[in-house]
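Asker: Sequence first, predicted model second:
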Amino acid sequence: MRAKEKRIVYYSDPLNDDFAGTKIKTRKIDPKYRYIHKNIFWRFFAGLTCFLIRPIIYLIETLILGVKFKNKKVLSKIKGGCFLYGNHTAFFDAYTPYVLSGMKTNRILVNPDAVSIKGIRVLVQWFGALPVPDDLATMRNMVKAIDYYHQKGNNITIYPEAHIWPYYTGVRPFKDTSFYYPVKLSAPVVAFFTAYSKPTGLFKKIKKANVTVYVSEPFYPDSTKTIKEAQKILRDQVYDFMYEMSEKYSNNDVIEYRQKSA
């Protein structure tokens, strides 16, 4: 029997190409969008939703999907909220920050697609989604929300690569823009990297890969630097950690990504 041929995906722009495969009519996130909800009923149902769904997410990711976690305990040692930065390579990226955060509330910056699906958009909001807008006025509202939730002790998760590349084993280039938030708030940063290795164990013939999430020690903004300098330092620390993990542990190219020739 011939071995199944590896899927090849061609890309042209590593910063902006997206291979999530969703076909969603994207909702416009305008200045009327409410990022902060203080209504007692909204907060009650949001809290109840997280309380009920967290154990389910943990079981799905660890038992059903078989994702392993390394150094997750470092997050339990951080008092208050921190900023989590990870590589973006799977649909379960939406779950991972909640497994890492334990009982601490997590907010996650998402594409507007995540709050555009009728029937579940409120559920997604209850679960902490903060859609990233494309206009300055609404962006100010989102920044205020990040500040508000951080002061409440929430973790804030950001995927700086922005777009999903399924099973990608490397690290794509990303800008330092999103590292403004921890610098502004003098907040700790923790990086995590999802690695794909050759499948092993009882189900190795049907699994595409073993999946392990590696978590860094915390990084802290350098208060002696300018905001831009401190952003770049944090960005480089996160990138270097991800790159080191990719080189050591992510070696199973389920999908081969090739750049299109000019």
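Answerer: Cool, got the structure.
Asker: Helices of the chain, start to end?
Answerer: For the chain, applying DSSP state H gives helices covering 40-59, 96-101, 121-126, 136-151, 180-185, 227-249.
Asker: May I see the buried residues of the first one?
Answerer: With burial defined by 16 or more other C-beta atoms under 10 Å, the residues of helix 40-59 counted as buried are Ala46, Thr49, Cys50, Ile53, Arg54, Ile57. C-beta: built from backbone N, CA, C; applies to glycine.
Asker: which one among these gets closest to Leu123?
Answerer: Closest approach to Leu123 among those (C-beta to C-beta): Thr49, at 6.6 Å.
Asker: For the residue lying closest to that closest one once chain neighbours are set aside, report the pLDDT, please.
Answerer: Nearest residue to Thr49, sequence neighbours excluded (C-beta to C-beta, 6 or more residues apart in numbering): Trp126, at 4.3 Å. For Trp126, the model assigns a pLDDT of 91.
Asker: How about Ile29?
Answerer: 88.
Asker: number of nearby residues for it?
Answerer: If you count neighbours by other C-beta atoms under 10 Å, Ile29 ends up with 22.
Asker: For the residue nearest in space to the middle of the chain, which residues are in contact?
Answerer: Nearest to the geometric centre of the chain sits Tyr159, at 4.1 Å (C-alpha atoms, centre = their mean). The contact partners of Tyr159, by C-beta atoms under 8 Å, 6 or more residues apart in numbering, come to Tyr85, Gly86, Asn87, His88, Asp93, Leu109.
Asker: May I have the lowest-mean-pLDDT helix or strand in the chain exported as PDB, CA atoms only?
Answerer: Ranking every helix and strand in the chain by mean pLDDT, DSSP states H and E puts helix 121-126 at the bottom, with a mean of 88. These are the backbone C-alpha positions of helix 121-126, laid out as PDB (Å, rounded to 0.1, in the frame of the first residue of the first chain):
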ATOM      1  CA  ARG A 121     -21.800  35.000  19.200                       C
ATOM      2  CA  VAL A 122     -23.000  35.800  22.700                       C
ATOM      3  CA  LEU A 123     -21.600  32.500  24.000                       C
ATOM      4  CA  VAL A 124     -18.200  33.400  22.400                       C
ATOM      5  CA  GLN A 125     -18.400  36.800  24.100                       C
ATOM      6  CA  TRP A 126     -19.300  35.300  27.500                       C
END
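Asker: tell me which residues of that helix are tucked away?
Answerer: Buried residues in helix 121-126 (16+ other C-beta under 10 Å): Val124, Gln125, Trp126.
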